[in-house]
Structure formats: structure tokens, C-alpha cells
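# Generate a structure from the sequence data that follows.
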Amino acid sequence: MTNSIEIRQMTESDVELVYQVFTEHGVGKSRDYIQRCWEQNVTGERITLLAFYQQQFAGSLHLLTTSHYPYFVENGIPEINDFNVIPPFRNRGIGNALMEAIENIAFEKYGIAGIGVGLYQSYGSAQRMYAKRGYIPDGRGVAYQQQPVTPGSMVRVDDDLNLYFTKVKL
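Model (predicted):
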């Protein structure tokens, strides 16, 4: 079934396609955001991979060469970021194919990859996937908006509450 999946780097001509498909499927990404991602691919700040299933756009995944998470920045760890598989294409191996491809890039250039994951139920599949792929917590605890959460503080449980993980090249 994986021969039905193609993974390739984003091109400028993909911006409109990605925006249209994300919009059709309720994936909240603005055209400006997608355009900015493309521009960051040109400058080398980001690598964006796109997945196609039977020639249909099915998802995307990014590698930030410089993370926004301070621990990753301080240690030169690139961050796998903004993982999206379009709902009708889930459970077909697309997510794993994207992860494999982006990890290969990260490991080739840096020898390590970092990733953050949300802590509520919607992130359950991602949490399980990262554990199965060998990611381990970075040991810094929970972060909110990329900043450590101190004991006793109160934070909102939303997309900005994350636990960060790393995986090294074996």
C-alpha cells in the first residue's frame, strides 16, 4: 500500500493546492501561513514535505531548522512541526511515511530530531506514534508557548501546552 504514497518537498506551485485542500477539510491554515511556509523553505528556515496518496494531496509535515523552543535552540535540535494528515487519508500509513522522510532529513543534517506534542485527547494518535517511533521526553517537563511551566502555575490546556521529545539517529 505504501507504493500509493508519494512524499516530496513543497514547491511554490503547491501553495494554492495545500490551502484549498486544508480549507475543504477544516484544517485551519491561512493562505498567508502556507505562503510564509513556502518562503521559509526558500530561505532554509524550514523544510516542508507534502504527502500524496494516489496522486491526491493528503498531508504535510515541516522541519524547522531553528525551533522556537529554547532548549532545542540552545542545543541545535531541529523541530519537526505542524503535522497534518487530511482526515479521509488517515490510517493509511501516510503519517508514518511523512515522519520517516522528515526524520531522514533531520538525521542526515543534525543527527537528532525534536518534536512537541499537545497533551489533550486530540493529540492521542500523535503521542502514540512518537512513542512507537522511539521519541523520548527531553526531560524538561511541560511547556506552554514554548516556555517551561513552573510547579504551581496555571496554564490553559490548548494547542500551546506541549511536552517535547527527541530522537537520535541510531
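# Over to the residue nearest the centre of the chain. Which of the three states is it?
For the chain, the residue sitting closest to the mean C-alpha position, by C-alpha atoms, centre = their mean, is N81 at 2.8 Å. The three-state assignment at N81 reads strand, by DSSP: H, G, I helix; E, B strand; the rest coil.
# same deal with E6?
Per three-state DSSP, E6 ends up strand.
# wait, doesn't it sit right on L49?
No - look at E6 against L49 with C-beta atoms under 8 Å: they stay out of range, at 10.4 Å. C-beta here means a position set from N, CA and C on the backbone, and glycine is covered the same way.
# which of the two has more neighbours?
Neighbours were counted for E6 and for L49 using other C-beta atoms under 10 Å; L49 has more, 19 against 14.
# my guess is that one contacts A101, does it?
Yes - with contacts counted by C-beta under 8 Å, L49 reaches A101, the gap being 5.5 Å.
# which non-adjacent residue is nearest T66?
V73 (6.2 Å; C-beta to C-beta, 6 or more residues apart in numbering).
# Next: V21.
Nearest non-adjacent residue to V21, counting by C-beta to C-beta, 6+ apart: F57, 4.9 Å away.
# Return the distance of the one you found relative to G141.
37 Å (C-beta to C-beta, to the nearest Å).
# Which one of these two is surrounded by more residues?
Using other C-beta under 10 Å, the more surrounded residue of F57 and G141 is F57, with 17 against 12.
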